[in-house]
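K.L.:
Build me a model from this:
(chains A, B, C and D)
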There are 4 protein chains.
Amino acid sequence: MIFASDNWAGAHPDISANLSRHAAGIATAYGDGELDRAVYQRFSEIFEREVAVFFVATGTAANALSMAACNRIGGVAFCHSEAHMNVDEFGAAGFYTGGARMSPVPGPLGRINPQALDRAIMRYSQDLAPAGQPMAVTITQATEVGTVYTVDDVKAVSEVARRHGLPLHMDGARFANAIAATDISPAEMTWKSGVDIISFGGTKNGCWMADAVVVLNPDVARDLRLLRQRAGQTFSKARFISAQFEAYLTDDLWLRMARQANAMAARLAETIEDAPTGRLAWLPQANEVFAVLDRTNAEKLQAAGAKFYEWGVPQGFDGHLGDNEAIYRFVASFATTAEDVDRFGQLIAG
Amino acid sequence: MIFASDNWAGAHPDISANLSRHAAGIATAYGDGELDRAVYQRFSEIFEREVAVFFVATGTAANALSMAACNRIGGVAFCHSEAHMNVDEFGAAGFYTGGARMSPVPGPLGRINPQALDRAIMRYSQDLAPAGQPMAVTITQATEVGTVYTVDDVKAVSEVARRHGLPLHMDGARFANAIAATDISPAEMTWKSGVDIISFGGTKNGCWMADAVVVLNPDVARDLRLLRQRAGQTFSKARFISAQFEAYLTDDLWLRMARQANAMAARLAETIEDAPTGRLAWLPQANEVFAVLDRTNAEKLQAAGAKFYEWGVPQGFDGHLGDNEAIYRFVASFATTAEDVDRFGQLIAG
Amino acid sequence: MIFASDNWAGAHPDISANLSRHAAGIATAYGDGELDRAVYQRFSEIFEREVAVFFVATGTAANALSMAACNRIGGVAFCHSEAHMNVDEFGAAGFYTGGARMSPVPGPLGRINPQALDRAIMRYSQDLAPAGQPMAVTITQATEVGTVYTVDDVKAVSEVARRHGLPLHMDGARFANAIAATDISPAEMTWKSGVDIISFGGTKNGCWMADAVVVLNPDVARDLRLLRQRAGQTFSKARFISAQFEAYLTDDLWLRMARQANAMAARLAETIEDAPTGRLAWLPQANEVFAVLDRTNAEKLQAAGAKFYEWGVPQGFDGHLGDNEAIYRFVASFATTAEDVDRFGQLIAG
Amino acid sequence: MIFASDNWAGAHPDISANLSRHAAGIATAYGDGELDRAVYQRFSEIFEREVAVFFVATGTAANALSMAACNRIGGVAFCHSEAHMNVDEFGAAGFYTGGARMSPVPGPLGRINPQALDRAIMRYSQDLAPAGQPMAVTITQATEVGTVYTVDDVKAVSEVARRHGLPLHMDGARFANAIAATDISPAEMTWKSGVDIISFGGTKNGCWMADAVVVLNPDVARDLRLLRQRAGQTFSKARFISAQFEAYLTDDLWLRMARQANAMAARLAETIEDAPTGRLAWLPQANEVFAVLDRTNAEKLQAAGAKFYEWGVPQGFDGHLGDNEAIYRFVASFATTAEDVDRFGQLIAG
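P.N.:
So this is what the prediction gives:
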């Protein structure tokens, strides 16, 4: 009954096995080995175009380096008010850019409102004002509150970005879950809809440690290799990441794991809907479920062994919170089982 | 015959096996799991005191974060003129510190001259001068040119540092090789000789990706956890690093691997000494061999499949270089075999 | 009819004369001369306590250095959503802090809402979350939209800051105008109400170039001297700033100039209220007037020689904007005369 | 007898008078006023080509911004080992560049040795090495030890820089003294000899506070305006700097002041040569004199009211230092008089 986060799970056996398979033998270091190249090629196939792949240590590093690669002097990036990159990454984007600002844009349930985005960018677009230089727009897919941008949603944002000449970044820490949820192709969800660069996360979805920045538009982020080097994020034995991604991207393992996580989230959502003492805060669309629970009840569940945390009230929440009620987040992972969920179901049905 | 670098090797089978062993099951993220704590404890045993361990992505990150943790406004760190951190890490230390300077100190064959260090620090110690604030001294063990500081050498440096109130950092990317070469205990080689903080490298010595900053003196580097967080170097599934270090530090695996690398370097050194067409540039003390070769000869060896690179002429080289001669570096790793060396021996004996 | 900004005016004759008076002769450089010390002492008298004074080149530098002096790793400063420091200083605060974030807090007409501030800080106060470290609160006095915090307003903000252990900074680019408008003593308006550090501006109010950070609470901003040095903001011939401040702070020149500016703003406000074609957007409280004008009318006035600019719609504007209407800002300075205002009055009266 | 530094002097009366003359009236802010433009034009005349002029607060800021404008990721700038920018500006260049390194190059008496420069750059020029990217060369004219690069010296350096594709910066804090000493035109001394960008100092030579970065080659430093903005170095009432430079550059005032300073340095040098108890350390070429004195004697002179400081032993000093002897620096300024020097002469003559 561990719904604390998808990074509490370990690695999928196929990932482990592939690591062992590639452990022996000599390979060129720093990401120039044969396996590395094969994996880069695999990414290009999945995205249906030639892409550039940069392994990094964490999702935070992927986001921060993406911003650094889009950086301008006095730069301002536009993100959702509740974007993980802005409020939950300890200022990494500011550090990597030497001080670029994140300008928060409102929008319901984790998704940027395109009109509000337009207004926010305009604030910085007057030529003479010493305000700053717009540098990028970033969205999170799936979002921080378990919702998913449709292809049309992505296009609405990218049109605004494009009109202002700004690259569009996607924080894809849970990209697999969004793809699994929508059955839209990675290409369609990204560059065909105007996304230029993506933080492609494998760690939350069954890898040990596999995160990458994938540059979809060769005109952006040209200095990424050098920025990564300077940040101490260039792995000497890069094949260790490659071995994970090779397994991850073979036979749709990444989507199979995401589908399992999403399915378990859906099962959990049903369980909560059915329970007399809780209700969904909004409809989950990927692998995260947000529920309104009575605090006393929540503590009882936690005391009984369920792991999950309280969450803030996001923009666009149109439900009601009773005096002793709060919103709680439950995250399902590739390793979550129906038994886990059902045990929780018995508990909450209690 | 791959002597290009010790990071061209993969991972030791014991490391791989332990990763697989720990892949399943749920664990607290961000380095707070049971395995993580056990591994921190193991570090404390090896260093014979309570230490604080911070996993990071690369040796460069370990060094740069160590400097960031010692940072002062207008800070100046003192390192050997040829220190990897200063001349081979793409300015990572400058980036992580927001611009601290590395002041180069001379010394023969990779080792800082303590008197020169004293003079260099004095330059910045006049109270009124707007020159800068000394912040740290850093040495590399084993050094960039395959030599090793004796305990007395370390103490001579640490006495100067201590007199100026500066913490002493050790870049231990090849710490295992230095320990294996000297048979001095890790405690004696570090904090008992005045070292406060060390970049402890496992990656070059048989791990996949296992680097850590180990804080030996609790009075220094107190912000390391936060600095690491901001740098996107805090792993969610930290147990993946822990699993490597657990195997690495069990039954002296780390020293056994380092001894193998050192022994192969010694065998290679003998081979080169015996060859009619090459000679040692200086005596190797760990797992790196530097030889003077005729360029034409070197290219012939490379063409025949031997991998090794030319190196610059270091301070303290007192040999002679003929017109067409240069210095070349050969690195042995845990995976180097006597057969590798002997094949090269036949080639060079040629 | 130049109402573009208060920095379009030159220097008051007394300021100029004092500069000439101090031009000859030798003085200790870097702010340690006799005149410098006398001026620091004068600041202490005006603030009724021992303060530390740091001259800097611009108001932007004063703000950015203040933030740098309050900086923490992963730091978050809390400011009004429309704070000059956040949206109009080209990211200087981010640059000086190496990436600290400004978290925008709402509030009507330029003044932070204390409850909203409390909520914003709480977001970053959970111990375990890798969100960031609250580092400071900053308010602007007089505000960006010509309003003034009362002493009670300041106290309401400082109580929240104090409860969270955060220093309170005041951006006093127009501090003189706020003091002149309220007749509150500088001490009462600042440290007696919980302000720890202030950007004290003279440039917009009749000096050539005289800005300073004044540290009111000796427990904060201890590294300011060093941070200023590193930023290239330490003047060798500091007496040039001292000479300006000496005149500025003698015989209440600073308040006399501010009163003139405020009075001219009030006269302008009346003029606009009386005009058939314009109306005040809200009541001005210092030296800036915001008016709603028809765009066509505004362009006509500008074409006739009046200098003023359009402004965005701030939070808390509760008026109505017609289809072709916008808000415009008019700034009066020490050099604005009744004739200037009346000429504009005739123009707008049409 | 104040020979402590040229920044202990105040401002020349013509500078003061011009400031007063321009104090009244309204002018466009931020350096776009009529006077500002006239002064930029004057710079272009003096340098005999269209140049771009950026006023800044200090010489340190001029240097640091110049480096920021030449910055590259992992950047390395090459300077003399004793360059003020590297060892006496509190790490400002590192701060402004977010961590670029200064690589020290040797050379006798403050002047870079071109061959050593070439070798230093080569260290960072191998394509595959993660060492860094060369970004600029910087020289100081007149140098930190009172010597002057001849035009041929400048050309020898610029040829090396050009061959490696690097811009050449000149730290001209005492550029006037170098021009006055050599009677070479500013154009010949700079861009005609390969200098691309110069820190043009007026503060040490009779201005209050007048420093500028002058971009001579329009292909370099294109972001300087934005970098200056972000650094809080863009003056609102820029005409205050313009008024100083207008007087400074009229009727050769700048060269007349520099000639006076140089002449007084020469007179002082003669005096010291004639004295029984001191000798020149090397021949002065501009406005700074370096002398070898017995420490006891130096203290006696200082006790009698002479202001001057001890200096380190520079590279290329080929004299002898007795047991109790040291090198001392004496700086003459536009305000130094023959009487000052002769009083010192009587003192040292004993």
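
K.L.:
Going by C-alpha atoms from here, please, whenever you check contacts or count neighbours.
P.N.:
Will do.

K.L.:
Contact residues of chain A facing chain D?
P.N.:
By C-alpha under 8 Å from any C-alpha of the partner chain, the part of chain A that sits against chain D consists of A:73-74, A:98, A:130, A:226-227, A:229-230.

K.L.:
Now with 7 Å, please.
P.N.:
Contact residues (C-alpha under 7 Å from any C-alpha of the partner chain) of chain A with chain D: A:73-74, A:98, A:226-227, A:230.

K.L.:
Tabulate these (JSON lines), appending neighbour count.
P.N.:
As requested, these are arranged in JSON lines below (neighbours: other C-alpha atoms under 10 Å in any protein chain shown):
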{"residue": "A:Ile73", "neighbour count": "24"}
{"residue": "A:Gly74", "neighbour count": "27"}
{"residue": "A:Gly98", "neighbour count": "29"}
{"residue": "A:Leu226", "neighbour count": "18"}
{"residue": "A:Leu227", "neighbour count": "23"}
{"residue": "A:Arg230", "neighbour count": "28"}
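
K.L.:
Mind putting the residues you listed into TSV with secondary structure and pLDDT?
P.N.:
Formatted as TSV, these follow (DSSP: H, G, I helix; E, B strand; the rest coil; pLDDT from 0 to 100):
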residue	secondary structure	pLDDT
A:Ile73	coil	96
A:Gly74	coil	96
A:Gly98	coil	97
A:Leu226	helix	96
A:Leu227	helix	97
A:Arg230	helix	97
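
K.L.:
how near is A:Asp219 to chain D?
P.N.:
18 Å (C-alpha to the nearest C-alpha, to the nearest Å).

K.L.:
and that residue, what pLDDT?
P.N.:
Note on A:Asp219: pLDDT of 96.

K.L.:
That one: neighbour count?
P.N.:
By the criterion of other C-alpha atoms under 10 Å in any protein chain shown, A:Asp219 has 9 neighbours.

K.L.:
just the helices in chain A please.
P.N.:
With DSSP state H, the ranges of helices along chain A come out as A:13-21, A:34-47, A:59-69, A:84-87, A:92-97, A:114-122, A:151-163, A:175-182, A:186-189, A:224-230, A:239-248, A:253-274, A:295-303, A:338-349.

K.L.:
Select, out of these, the one closest to chain C.
P.N.:
helix A:92-97 (4.0 Å; C-alpha to the nearest C-alpha).

K.L.:
And that closest one, what does it pack against?
P.N.:
Here helix A:92-97 touches helix A:59-69, going by 3 or more C-alpha pairs under 7 Å, 6 or more residues apart in numbering or on different chains; DSSP states H and E.

K.L.:
so does the helix it packs on get close to chain C?
P.N.:
No. Counting by C-alpha under 7 Å from any C-alpha, chain C has no neighbours in helix A:59-69; the shortest distance is 10.8 Å.

K.L.:
That helix - what's its average pLDDT?
P.N.:
Helix A:59-69 shows an average pLDDT of 98 in the prediction.

K.L.:
which residues are in contact with that helix?
P.N.:
Applying C-alpha atoms under 7 Å, 6 or more residues apart in numbering or on different chains, the contact partners of helix A:59-69 are A:56, A:85, A:89, A:92-93, A:96-97, A:171, A:173, A:199, A:201, A:211-213, A:221-224, A:228, B:232.

K.L.:
cutoff 8 Å now
P.N.:
A:56, A:77, A:85, A:89, A:92-97, A:136, A:169, A:171, A:173, A:197-201, A:211-213, A:220-224, A:227-228, B:231-233 (C-alpha atoms under 8 Å, 6 or more residues apart in numbering or on different chains).

K.L.:
which of those count as buried?
P.N.:
A:56, A:77, A:85, A:89, A:92-97, A:136, A:169, A:171, A:173, A:197-201, A:211-213, A:220-221, A:224, A:227-228, B:231-233 (16 or more other C-alpha atoms under 10 Å in any protein chain shown).

K.L.:
Check whether stretch A:304-315 comes close enough to chain B to count as a contact.
P.N.:
No. Residues of stretch A:304-315 contacting chain B under C-alpha under 8 Å from any C-alpha: none, with a closest distance of 10.6 Å.

K.L.:
Return the set of buried residues in that stretch.
P.N.:
Neighbour counts over stretch A:304-315 (16+ other C-alpha under 10 Å) mark A:306-310, A:314 as buried.

K.L.:
can I get these in TSV with distance to B:Tyr124?
P.N.:
Formatted as TSV, those follow (distance: C-alpha to C-alpha, whole Å):
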residue	distance to B:Tyr124
A:Ala306	57
A:Lys307	54
A:Phe308	53
A:Tyr309	51
A:Glu310	51
A:Pro314	52
